[in-house]
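In: have a look at this prediction, sequence included:
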Amino acid sequence: MSDNKHALPDVLDGLDKNTEAALARLIEILKIPSISTDPAHNGDCARAADWCAATLTDIGFEASVRPTNGQPMVVGHYRAESVGAAPHVLFYGHYDVQPADPLEEWDSPPFEPRMEEEGTNGKIIVGRGASDDKGQFMTFLEACRAWKNIHGALPVSVSVLLEGEEESGSPSLGPFLDANAEELKADLALVCDTGQWDATSPAITTMLRGLAHAEIIITGPSRDLHSGMYGGPVQNAIRVLTSILGDLQDAEGRVKIPGFYDGIIDPTPEQLAQWATLGVDEKTYLEAIGLEHKAGEQDRSLLEQLWSRPTAEINGIIGGYTGPGSKTVIPSKALSKLTFRLVPGQDPDKIINGFKKFVSERLPDDCSVEYLESGGSPAVGFDVTAPAFTCASEALEEEWGKAPVLMGCGGSIPIVESFQSELGMESLLVGFALDDDRIHAPNEKYNLNSFRKGARSWARILQKLAAL
Ligand code: BES
Ligand code: MN
Ligand code: MN
């Protein structure tokens, strides 16, 4: 569309001229420690939600903070005039962040964002949430702001949903989507919570793994025991737990839970061929994390393992004595938290049930197991031939000078599958995070280049969508 109302160069210029102000806004939201998993930060989550709603209002959205049983949702609507056949989009992001610990590993306080020059990344902003997901969702809001400032209007109708519980598995989301389906349903969801291929190559994420989580407590003897007085004839809860967990994978790296791989929809030969062209170097990938040898299924490429194969991971174990010196104790109880990454075709409930059966079947006489909270969300894949993908692809190529890489994603964003299954809405996942952004880890950062070009990319995508 070439009429003045939709001229893009002015919007891009507007973004470039206002980077300082945009950065100041990002710093404001980064200062709020909106850690959703920690009830001590509920007030901060509420403040972050208020900030988001105020920001949306400032841009011209009709925005509100919506209470849930957990952290509040933020919803905003902007109705564009005379959009013709252009899609109404729903942008999704999350204002909550991961806990900042271990605090001592941060070079500066996690919620006092600071700018730094970092080698080939150039200027970076360091702080919890800089990349996941505050810096990312702000690229979209800044693009909207620029459109509004320059043309007095957005080129398409935009709704925004900012969630505050993504990092804790989005427990309030299902009920919220159910209760507000009419209001939230749009033609397409836009999500900025994934990465690009590398610092100079944009990407569109075409599939996300799902996630199922479980937590178990094994109890042996009714109390902790002296390991001399009782060692030998009695069960040790940690030994029972670790031998069951140690049995989860076979020597080839395959998960042994019966039925675990049933129904899996494998990537197409075309997808596999495209992934093979991406030229991922296993050695470089492993070296960056201090390793040399690829674990798991040896008959699969690294990208297949990450994007299209499910996993069983032990996230933590608690039990027994770990204080100073030694203590001759046989623990009564041992606890473990586990997560399973899922791929298309797997049902989280079936996986959890299979896991429970696997544990129960291996439980020795005299031991008991308690299954604590569990849940999950399925994997999701998208049809990349849809017109919106073409729009995004062209827009990204114009901004970055290269066609975007179509990638899978090992991580999970629970809401995206609900958009598909509950609202019948496809998602377009475009993000600007980099592998070295240290998300969920100390010294999380976002490149200012990602922030700037991310906003420019969204400004372009909105214009292409308007022309559909
Ligand atoms: N933004 C991430 C998902 C992600 C990770 C996308 C890596 C691209 C690359 C998201 O915030 C996240 O951390 N998701 C959790 C979900 C869980 C807490 C339910 C995950 O994947 O562990
Ligand atoms: Mn995220
Ligand atoms: Mn995250």
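Out: Cool, got the structure. Ligands and ions are numbered 1, 2, ... in the order given.
In: how does the protein divide into domains?
Out: 4-208+379-465, 210-270+308-377 (automatic domain parsing).
In: please identify the most buried of the ones you listed.
Out: The highest average neighbour count among these, using mean count of other CB atoms under 10 Å, belongs to domain 4-208+379-465 at a mean of 20. C-beta: built from backbone N, CA, C; applies to glycine.
In: measure that one end to end?
Out: 16 Å (CA to CA, to the nearest Å).
In: is that domain anywhere near ligand 1?
Out: Yes: using CB under 6 Å from any ligand atom, domain 4-208+379-465 reaches ligand 1 at 132-133, 166-167, 169, 193-195, 409, 411-414.
In: turn these into JSON lines, columns for distance to residue 207 and secondary structure.
Out: Listed next are the residues of domain 4-208+379-465 next to ligand 1 as JSON lines, based on distance: CB to CB, whole Å; DSSP: H, G, I helix; E, B strand; the rest coil:
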{"residue": "132", "distance to residue 207": "19", "secondary structure": "coil"}
{"residue": "133", "distance to residue 207": "19", "secondary structure": "coil"}
{"residue": "166", "distance to residue 207": "18", "secondary structure": "helix"}
{"residue": "167", "distance to residue 207": "21", "secondary structure": "helix"}
{"residue": "169", "distance to residue 207": "19", "secondary structure": "coil"}
{"residue": "193", "distance to residue 207": "14", "secondary structure": "coil"}
{"residue": "194", "distance to residue 207": "11", "secondary structure": "coil"}
{"residue": "195", "distance to residue 207": "14", "secondary structure": "strand"}
{"residue": "409", "distance to residue 207": "7", "secondary structure": "coil"}
{"residue": "411", "distance to residue 207": "11", "secondary structure": "coil"}
{"residue": "412", "distance to residue 207": "11", "secondary structure": "coil"}
{"residue": "413", "distance to residue 207": "11", "secondary structure": "coil"}
{"residue": "414", "distance to residue 207": "14", "secondary structure": "helix"}
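In: from those, which has minimum pLDDT?
Out: In terms of pLDDT, residue 169 ranks lowest among these, with 84.
In: surely it is in contact with residue 163?
Out: No: when contacts are counted by CB atoms under 8 Å, residue 169 is not listed as touching residue 163 (11.0 Å).
In: so where do the helices sit in the stretch 251-400 of the chain?
Out: Taking DSSP state H, counting those that start in this stretch as the criterion, the stretch 251-400 of the chain carries its helices at 269-276, 282-287, 302-307, 348-362, 387-400.
In: follow-up on the earlier one: which of the domains of the chain sits closest to ligand 2?
Out: Nearest to ligand 2 among the domains of the chain is domain 4-208+379-465; the distance by CB to the ion comes to 4.1 Å.
In: ok, which residues in the chain are in contact with ligand 2?
Out: 132, 133, 193 (CB under 5 Å from the ion).
In: distance-wise, check the residue nearest to residue 417 when sequence neighbours are not counted relative to ligand 1.
Out: What sits nearest to residue 417 in space, not counting adjacent residues and going by CB to CB, 6 or more residues apart in numbering, is residue 380, at 4.2 Å. Using CB to the nearest ligand atom, to the nearest Å, residue 380 is found at 12 Å from ligand 1.
In: which ones are touching residue 380?
Out: Contact analysis of residue 380 by CB atoms under 8 Å, 6 or more residues apart in numbering lists 207, 208, 210, 344, 416, 417, 420, 427.
In: the third one reaches residue 343, doesn't it?
Out: Yes: with contacts defined as CB under 8 Å, residue 210 counts as touching residue 343 at a distance of 7.3 Å.
In: which residues do the two both contact?
Out: With CB under 8 Å, 6+ apart, residue 210 and residue 343 have common neighbours residue 379.
In: hang on, the earlier thing: out of the domains of the chain, nearest to residue 279?
Out: domain 4-208+379-465 (10.6 Å; CB to CB).
In: report the distance from the closest one to the chain centre.
Out: Computed by CA atoms, centre = their mean, to the nearest Å, the chain-centroid distance of domain 4-208+379-465 equals 11 Å.
In: who does the residue nearest to residue 417 bridge with?
Out: residue 208 (DSSP bridges).
In: still on that earlier bit, same list (the domains of the chain) but as a markdown table, adding distance to residue 289.
Out: Listed next are the domains of the chain as a markdown table, based on distance: least, CB to CB, whole Å:
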| stretch | distance to residue 289 |
| --- | --- |
| domain 4-208+379-465 | 10 |
| domain 210-270+308-377 | 15 |
